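Novice: below is the structure, and that's it, no one-letter string:
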């Protein structure tokens, strides 16, 4: 857990430095999700994203913005997609947002896909 927190703190530090360099071009860019994407038919990773997969599966666009050529949003927003996580259960940022605060905190810290897809709900957006 500390390794994850240290990694996130480093990314936050880099991002803040970027914003100080060019505050007029504030963007909330994400790197591609670095872990396995659980999909209905077959699990995959962003390194296997292709233009066809990006067109046919919106989940690839959500998890692989760099590989799919998705422009960076200008604000920190949650994904509107539903996706599979832990044990093929489906989840969305909307369902995470309405859970009890203690459970939401646990979900955001335990499941990388939830923190990645729901930065606003998980409270990891930084201005």
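Specialist: That came through, no problem. Quick caveat, the model's predicted, so the values are computed rather than measured.

Novice: number of residues surrounding residue 100?
Specialist: 8 (other C-beta atoms under 10 Å). Just so you know, the C-beta spots here come from the backbone N, C-alpha and C atoms, and that holds for glycine as well.

Novice: and it, how far is that from residue 63?
Specialist: 26 Å (C-beta to C-beta, to the nearest Å).

Novice: need the nearest residue in space to residue 125, chain neighbours excluded.
Specialist: Once flanking residues are discounted, residue 125 sits nearest to residue 76: 3.3 Å by C-beta to C-beta, 6 or more residues apart in numbering.

Novice: can you give me the helices for this structure?
Specialist: Taking DSSP state H to define them, one finds helices in the chain at 2-21, 51-56, 58-63, 93-97, 101-110, 112-117, 119-122.

Novice: count the residues that sit near the closest residue to residue 123 other than its chain neighbours.
Specialist: What sits nearest to residue 123 in space, not counting adjacent residues and going by C-beta to C-beta, 6+ apart, is residue 108, at 7.5 Å. Other residues near residue 108 come to 19 when the count uses other C-beta under 10 Å.

Novice: what's the distance between residue 108 and residue 68?
Specialist: In terms of C-beta to C-beta, residue 108 sits 24 Å off from residue 68.

Novice: how many residues are close by residue 81?
Specialist: 15.
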